[in-house]
Every structure is written in C-alpha cells, then in structure tokens.
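S.K.: no sequence for this one, just the structure:
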C-alpha cells in the first residue's frame, strides 16, 4: 500500500470533506456506498463490481502490493471511495482506477476530482506509468470528470477486469 498522508488539508467550510486511506472499519460503509450507487446507473447483475466479493473486504483487498484505496468522508461519515490496483492481465506498468463511487451528497463538492488526483498520485508512487478505467455509458458526470482529468477514450477494453458489463474504456499516461 502506498504511503500517503493520513488526511488532505481542507478548509473546514460547509460541505468540506476529507480523503484518507481506507481502514478495516470502513469496509461495511464502502460496500454500502457501492451497493447503493451502482443500481442508480443500472449496474446490476453479472459483469458488474456490485457482485465482486472484494466489495465486502476492501481494506484487505487494497492492502495488496501496488494497491491503494481511499475514502471520502464528511463529518466522520464515509460518502464514497476510489482506488488503484494493478490491471488484471495487463502489463506491469498499467494500473486500474477501481471502484470509485460517491453517494449523491458527496457529488458536486469536488470530491471526484480530489479522489482522482489522490489515486493518480498513489499510482505514480506505486510505479505505474498508465492508468486504465472502465465505466458505463450513462454515467455522464463521471465520464466528464475522467475526460477533464486527461483520460482518453479507448475503442476496446484492456486486460481482464472481470466486469464485462462495462462498455466505456479510458486510459491516461501518467
């Protein structure tokens, strides 16, 4: 796991949030966020991360080498998260931006841009040179965020994430 500061320094204004590395105590909250957000975008059934067993033990999953996961919290409540890990069946220089989801109350606060920045910083620290992600058409705000962050759309997927339900693919050179 990457070595990062425990918390980002943020103003204590209304709506302020903090991003920090996931802890074991966050597993249930992160699983609840993922399971609440994915159906909102029709991401249910086979081929989606909602059925991925790692959703229930994210801290352990992202304690693996070259992996990191962060949570967004406000007033001590986990409102979302995102992480990076090696791209399954990809080259050693490519990581995947994984399981980045936010509850509605975290949207529009800048949490998504801050989370991507934190994840990309971790990816660079972990030695990755490219970051890949998969998403769904219809997740328009997320797609705009990825494109503003420099991700470029690909015609087909990379690696083998096991999430065959995704239909939109992006890559960013770090």
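M.R.: Perfect, I can see it now. Just so you know, these numbers come straight off a predicted model, no measurement behind them.
S.K.: give me the mean pLDDT for stretch 126-140.
M.R.: Across stretch 126-140, the average pLDDT comes to 91.
S.K.: now it, how far from the centre of its chain.
M.R.: Here the centre of mass of C-alpha atoms in stretch 126-140, compared against the chain's by Cα atoms, centre = their mean, to the nearest Å, lies 9 Å away.
S.K.: which residues sit against it?
M.R.: Counting contacts by Cβ atoms under 8 Å, 6 or more residues apart in numbering, the residues outside stretch 126-140 that touch it are 2, 41-43, 66-68, 84, 86-87, 90, 93-98, 100, 119-120, 123, 142-143, 146, 151, 157-159, 161, 163, 165-174. For every residue, glycine as well, the C-beta is placed using N, CA and C.
S.K.: please enumerate the helices of this protein.
M.R.: 27-40, 58-61, 111-125, 140-148 (DSSP state H).
S.K.: which one of these lies closest to residue 20?
M.R.: Using Cβ to Cβ as the measure, helix 111-125 is the one of the helices of the chain that comes nearest residue 20, at 9.3 Å.
S.K.: and the closest one, which residues are buried?
M.R.: Judged by neighbour count (16 or more other Cβ atoms under 10 Å), helix 111-125 contains these buried residues: 111-112, 114-116, 118-120, 122-123.
S.K.: tabulate these (JSON lines), appending distance to residue 73 and pLDDT.
M.R.: Supplementary listing: the buried residues of helix 111-125 in JSON lines, determined by distance: Cβ to Cβ, whole Å; pLDDT from 0 to 100:
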{"residue": "111", "distance to residue 73": "10", "pLDDT": "92"}
{"residue": "112", "distance to residue 73": "15", "pLDDT": "93"}
{"residue": "114", "distance to residue 73": "12", "pLDDT": "95"}
{"residue": "115", "distance to residue 73": "12", "pLDDT": "96"}
{"residue": "116", "distance to residue 73": "17", "pLDDT": "96"}
{"residue": "118", "distance to residue 73": "13", "pLDDT": "97"}
{"residue": "119", "distance to residue 73": "16", "pLDDT": "98"}
{"residue": "120", "distance to residue 73": "20", "pLDDT": "98"}
{"residue": "122", "distance to residue 73": "17", "pLDDT": "98"}
{"residue": "123", "distance to residue 73": "22", "pLDDT": "98"}
